[in-house]
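What shape does this take:
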Amino acid sequence: MKRFVLPLLSFCLLCGCTATRYAEIDGRRCAMITEKEEEELVDQARLIIKRIKSRLTPAEKRLIETRKPETDFVYSADRSGRATVRWVLPEREVNVVFEGEFLGSHMTSTLYTRDKAPAVLDFSRPPPGWRKGGNTAPSPNNESRRKF
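Take a look at the predicted model:
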């Protein structure tokens, strides 16, 4: 009897430690991806950024390789929905959005880059010669048309 109970007890303990995580969506439970699968999704996002020709500089691509991104998951069913992997760089924000079954054959991905807005707007006085109706400073074309 001990031979049967001890292996069964250890099996139950091991299975309990690796339990699936669940998210509550509209009153129903949906299985979430594991941390290892989340890391695989981040690796796929990095691979997409490497492969797609984008405006990112080599220095920005190196930052993406070394920095840990922000991740956001919105589940719609078991292990599927919308995942956003985001890196905030000094000059721009880089987002890779995955939709569908995560790490499945029907998963789609989209890369978005957005330049950061300037931190300070210039509210200084306008240069001399500027009026509300438009720039009244003389241009080379206007000067050449003058009659003397």
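
right, and the secondary structure at Phe73 would be what?
strand (DSSP: H, G, I helix; E, B strand; the rest coil).

so what's it up against?
23, 32-33, 81-83 (C-beta atoms under 8 Å, 6 or more residues apart in numbering). (Glycine included, C-beta is placed from N, CA and C.)

ok, now Pro69?
Per C-beta under 8 Å, 6+ apart, neighbours of Pro69: 42, 45, 85-87.

how far away is it from Ser105?
24 Å (C-beta to C-beta, to the nearest Å).

For the closest residue to Thr108 other than its chain neighbours, give the beta-bridge partners.
Nearest residue to Thr108 in three dimensions, chain neighbours excluded: Glu99, at 5.1 Å (C-beta to C-beta, 6 or more residues apart in numbering). Assessed by DSSP bridges, Glu99 has beta-bridge partners Arg82, Thr108.

list the contacts for Glu99?
By C-beta under 8 Å, 6+ apart, the neighbours of Glu99 are 81-83, 107-110.

Pull out the buried residues from those.
Buried members of the contacts of Glu99, counted by 16 or more other C-beta atoms under 10 Å: 81, 83, 109.

Would you reformat those as CSV and include pLDDT?
Output for the buried ones among the contacts of Glu99, formatted as CSV (pLDDT from 0 to 100):
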residue, pLDDT
Gly81, 93
Ala83, 96
Ser109, 93
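
Report the contact partners of Val74.
Contacts of Val74 (C-beta under 8 Å, 6+ apart): 81-83.

Could you do Tyr22 as well?
29-32.

mind listing which of those are in strands?
29-31 (DSSP state E).

If you rank those by neighbours, which is first?
Cys30 (17 neighbours; other C-beta atoms under 10 Å).

And that residue, how close does it get to Lys68?
From Cys30 to Lys68 the distance is 25 Å (C-beta to C-beta).

again with Val96
Val96 is 14 Å from Lys68, by C-beta to C-beta.

Name the residues that touch stretch 49-60?
Here stretch 49-60 has contacts from 61, 64, 89, 91-92, 94, 96, 111, 113, using C-beta under 8 Å, 6+ apart.
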